[in-house]
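Chemist: this one's structure only:
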């Protein structure tokens, strides 16, 4: 990926460059699935964290779990989750907007005082489209999009995943390289200047060599 391509993937629709990665170990919890799917989702977190060389944890000392993944059939079900309205500001109007848009997924990030990611809430309404996606593919896609604060336009036209011969779905190599570079300790956890993309490109180049 060129520096311009990297900059584009972190430039939001308002034209503002904004990059953030996790500033603490990731401690996920999954609601609304059976044990088999739970294992798939947690396996995806483990694989992507290993790629990024970022730590996972059983619990977060502040929140208990700092990634919450919800699988459900209707957005209204979120209004019945105890105390979720305390974690998600404006939950009721948000649910109304998502219902009106007939959305099937949504992510909410929370940040620490430095701007690094401290929590992520992933909501998946299992409509016909999402239900047709294999669990491994769905889990990997969601975990990748939770690892960094990507632009809201980043994957609108092209998924972070790709398909190889035989039909297996994998993380696109350039996206994998970018995630690993993003978690390089020499780089900041938060950046708001597009020159940061030059540093990401340089780390990707070093890693390839």
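Modeler: Now that the structure is in, tell me what you want to look at. The structure displayed is predicted, hence computed values, not measured ones.
Chemist: rest of the way, CA atoms for contacts and neighbours
Modeler: OK.
Chemist: so what's the residue nearest the centre of the chain closest to, chain neighbours aside?
Modeler: Central residue of the chain (C-alpha atoms, centre = their mean): residue 146, 1.2 Å from the mean position. Among residues not flanking residue 146 along the chain, residue 120 sits closest, at 6.8 Å (C-alpha to C-alpha, 6 or more residues apart in numbering).
Chemist: sorry, back to before: wouldn't the residue nearest to the centre of the chain be in contact with residue 117 here?
Modeler: No: Residue 146 sits out of contact with residue 117 when judged by C-alpha atoms under 8 Å, with a separation of 9.4 Å.
Chemist: what about residue 105, neighbour count?
Modeler: Neighbours of residue 105 under the rule other C-alpha atoms under 10 Å: 17.
Chemist: contact partners of the biggest strand by length in the chain?
Modeler: What stands out as the longest strand in the chain, according to DSSP state E, is strand 117-125. The contact list for strand 117-125 (C-alpha atoms under 8 Å, 6 or more residues apart in numbering) reads 20-24, 66-75, 103-112, 142, 146, 148-149.
Chemist: one more time with 7 Å
Modeler: Contact with strand 117-125 is made by 20-24, 66-75, 104-112, 146, as judged by C-alpha atoms under 7 Å, 6 or more residues apart in numbering.
Chemist: Okay, strands next: where are they in the chain?
Modeler: Using DSSP E, the strands of the chain run over residues 19-20, 28-31, 67-72, 105-111, 117-125, 161-163, 169-171, 190-191.
Chemist: any idea how the chain splits into domains?
Modeler: With domains defined by automatic domain parsing, the chain comprises 1-19+153-209, 22-147.
Chemist: tell me, which of these is the model least confident about?
Modeler: Per-stretch mean pLDDT for these is lowest at domain 1-19+153-209 (a mean of 92).
Chemist: Can you name the residues that contact residue 33?
Modeler: When contacts are counted by C-alpha under 7 Å, 6+ apart, residue 33 is found next to residue 71.
Chemist: residues contacting residue 60?
Modeler: 27, 66.
Chemist: one more time with 6 Å
Modeler: By C-alpha atoms under 6 Å, 6 or more residues apart in numbering, the contact list for residue 60 reads residue 27.
Chemist: just checking, residue 44 touches residue 140?
Modeler: Yes: Residue 44 is within contact range of residue 140, at 5.3 Å (criterion: C-alpha atoms under 6 Å).
Chemist: thought residue 192 was touching residue 20?
Modeler: No: using C-alpha under 6 Å, residue 192 is not in contact with residue 20, being 8.8 Å away.
Chemist: Name the residue in those two with the higher neighbour count.
Modeler: Neighbour comparison, residue 192 and residue 20: the larger count goes to residue 20, with 22 against 13 (by other C-alpha under 10 Å).
Chemist: what sits opposite that one in the beta ladder?
Modeler: Bridge pairing for residue 20 (DSSP bridges) gives the partners residue 190.
Chemist: That'll do, ta.
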